[in-house]
Structures are given as structure tokens and as C-alpha cells.
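Colleague: Any chance you could fold what I've pasted below:
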Amino acid sequence: MAKRTIELLGAEVLRKPAKPVSELDDELRSLIDDMYETMRHAEGIGLAGPQIGESRRVVVIEALDEESEPLALVNPQVVESSKEVDRAEEGCLSLPGLTAVVERPARVTVEAVDPQGEPLRIEADDLLARVLQHEIDHLDGILILDKVSPLKRRMLLRKWKKRT
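Modeller: Now for the predicted structure:
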């Protein structure tokens, strides 16, 4: 396992849709191990491939609560979402120090495969639903900045420029 560098706002890889994973091999499992280590080191709860410069549809999620098992999802997609929405503050490892209140469906169903190729279907609400949607957004080149009003986006970008 190796800690990777997290790509920050401005990195081209964060704005492009990630490529589907076609081979579930040892190299992919090594990438997933690196993603876990990188996420843990950054004290995050989710990380997508593009955030470490890998344009691949892979996400890892961990530490939502004591009972949650770590999740590694390959080619995840939201297949159902509730009409009911929830608003909550989100941060992002690619935008350290910035947070925004983001509105998302309160419940989602996500389909993916695990690193061994076993199909997964996850019905999620609360924090898990939010993290799944946030990380899948990364796979589609979408950041939390794209989920807020133009005024809030300008304010966040000004704050970002002062930090960098």
C-alpha cells in the first residue's frame, strides 16, 4: 500500500468522466488499497479514483459509523433515487477547507461490483446515501461547487484562491 497525492481543484482529471473498469485484477486491488490508505491519511470517509489522478470508476468509503464495513465499489451507478431530498454540509478532500450545503436525494440505490467482481446492490439513506452520491459525482467530473448557487460558488472560489 502507498499513500497517493490527492488532486486538488484545478486538476483536469477531476473534471472529466472517469473510464469504466474492465479488468478486475491485482493491479486494481492494489489501487484500491492505495485509495484506502490515502483516504485514511487525509481523514476522509470517501475517495474516488479521479481524486488520486486515476481516471477509473472506483470509489472507497469507510468509517461512517462503528458498524459500517469498508466499501470498495467498481463501476458504481445510482439506479434509483428518492424524490425526497436532504440538505447537509459537505466537504471534499479535493477542496480542503471548503464546505457547502448540498441538496441530494435522501435515499438511493447503487449498483456496482466489488473488487472480486461480485455484484453489489446497496440501498442507502442518511450519510451513506450522501457519500455514495458525492463519490459517484467525482466519477462524472462533478464537484460540490457544481451543486450550489452561482453566488455561493463565487464565494467558495474566492475563499479557495485566498488559501492557495
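Colleague: Buried ones in the top strand by length along the chain, by neighbour count?
Modeller: If you go by DSSP state E, the chain has its longest strand at strand 71-81. The neighbour-count check on strand 71-81 (16 or more other Cβ atoms under 10 Å) flags 71-76, 78, 81 as buried. Every residue, glycine included, has its C-beta placed from N, CA and C.
Colleague: What pairs with whichever strand or helix holds V110, parallel or antiparallel?
Modeller: Here V110 sits within strand 107-113, counting by DSSP states H and E. Sheet pairing of strand 107-113 (DSSP bridges) gives strand 71-81 (antiparallel), strand 119-125 (antiparallel).
Colleague: Mind putting the ones you listed into JSON lines with mean pLDDT and distance to E62?
Modeller: Supplementary listing: the strands paired with strand 107-113 in JSON lines, determined by pLDDT from 0 to 100; distance: least, Cβ to Cβ, whole Å:
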{"stretch": "strand 71-81", "mean pLDDT": "97", "distance to E62": "7"}
{"stretch": "strand 119-125", "mean pLDDT": "95", "distance to E62": "14"}
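Colleague: Of all these, which one is nearest T109?
Modeller: With Cβ to Cβ, the closest approach to T109 among the strands paired with strand 107-113 belongs to strand 71-81: 3.9 Å.
Colleague: Only C-alpha atoms, please: export the closest one in CSV.
Modeller: Extracted as CSV, the C-alpha positions of strand 71-81 are listed here (Å, rounded to 0.1, in the frame of the first residue of the first chain):
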residue,chain,number,x,y,z
LEU,A,71,-16.8,-0.4,0.8
ALA,A,72,-14.8,-0.6,-2.4
LEU,A,73,-17.1,-0.2,-5.4
VAL,A,74,-16.1,-0.7,-9.0
ASN,A,75,-18.3,0.9,-11.8
PRO,A,76,-20.9,2.2,-9.3
GLN,A,77,-24.1,3.8,-10.6
VAL,A,78,-27.1,5.2,-8.9
VAL,A,79,-30.1,3.2,-10.3
GLU,A,80,-32.8,4.7,-8.1
SER,A,81,-33.2,7.8,-6.0
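Colleague: Following element in sequence after that strand, please.
Modeller: Defined by DSSP H and E, the subsequent element after strand 71-81 is strand 85-91.
Colleague: That following strand versus strand 119-125: what angle between them?
Modeller: Our comparison of strand 85-91 with strand 119-125, counting by axes from the mean of the first three to the mean of the last three Cα atoms, to 10 degrees, yields an angle of 100 degrees.
Colleague: What about the nearest residue to L95 once chain neighbours are set aside, how many residues nearby?
Modeller: Among residues not flanking L95 along the chain, L9 sits closest, at 5.5 Å (Cβ to Cβ, 6 or more residues apart in numbering). L9 has 18 neighbours, counted by other Cβ atoms under 10 Å.
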